[in-house]
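> Make a model of this:
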Amino acid sequence: MTTQAYKFCPQCATPLEWLTQLEDGGEKSRLRCVACGFTHWNNPTPVLAAVIELADRGGQLLLARNAAWPGRFFGLVTGFMEAGETPQEGVAREVAEETGLTVTQLSIIGAYDFQRMNQVIIAYHAVAQGEIVLSPELAEYKLLPPEAVKCWPAGTGQALADWLRSRGHAVQWLDAGKS
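Numbering: from 1, shown residues only. I've put the predicted structure just below:
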């Protein structure tokens, strides 16, 4: 939840106020409750992302279009970790839930800052196989050879670019305003 969404204390319903206090590392302004002391930390949410390589389809990459996204932008399969699961379990679950595919190999690509959404993206390379069956969350998908993929400039696009570089592929970037 972003800072703008929090207006009242979730513990006592008192309006939150921007207050500056001394914390580790110095003074920090945060939304705080003057009545009960609650602090809204507004820490980034971890999001899992998968560069899905289909071993049984010649190493093509699966990019998907989220049903809620405007236009025809295709990106990586992403999702939130569930309580009690590791990032590896979470990304394999997300791939299975959203695409019907089974992950057979998994390796981390890296962690990426996505401040616009107050998220930290933990990206994995997922080798997967099976029949593609999209969840209602996804509207459609594309299968592309790695050399044909164009990366977007933020978040998961940086992870995809790093993965492409690690495999010796030149990185192509989307033109602004195109998907």
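> What residues sit buried inside the longest strand along the chain?
In the chain, taking DSSP state E as the definition, the longest strand is strand 102-114. For strand 102-114, the neighbour count (16 or more other Cβ atoms under 10 Å) marks 103, 106, 109, 112, 114 as buried. Yep, even glycine has a C-beta here, placed from its N, CA and C like the rest.
> so how far is residue 166 from the most centrally placed residue in the chain?
By Cα atoms, centre = their mean, the chain has its centre lying nearest to residue 47, at 4.1 Å. Remark: distance between residue 47 and residue 166 (Cβ to Cβ, to the nearest Å) = 21 Å.
> How about residue 40: which residues does it bridge to?
With DSSP bridges as the criterion, residue 40 is bridged to residue 31.
> That one: how many residues sit nearby?
The number of residues packed near residue 40 is 16, by other Cβ atoms under 10 Å.
> One more: the one 4 residues further on?
One way to gauge burial is a neighbour count; for residue 44, by other Cβ under 10 Å, it gives 13.
> what is the residue lying closest to it once chain neighbours are set aside paired to in the beta sheet?
Once flanking residues are discounted, residue 44 sits nearest to residue 120: 4.6 Å by Cβ to Cβ, 6 or more residues apart in numbering. Beta-bridge partners recorded for residue 120 (DSSP bridges): residue 46, residue 113.
> what's the answer for residue 80, then?
Beta-bridge pairing for residue 80 (DSSP bridges): residue 47.
> If I follow the layout properly, it ends up in contact with residue 48?
Yes. Between residue 80 and residue 48 there is a contact under Cβ atoms under 8 Å: 7.2 Å.
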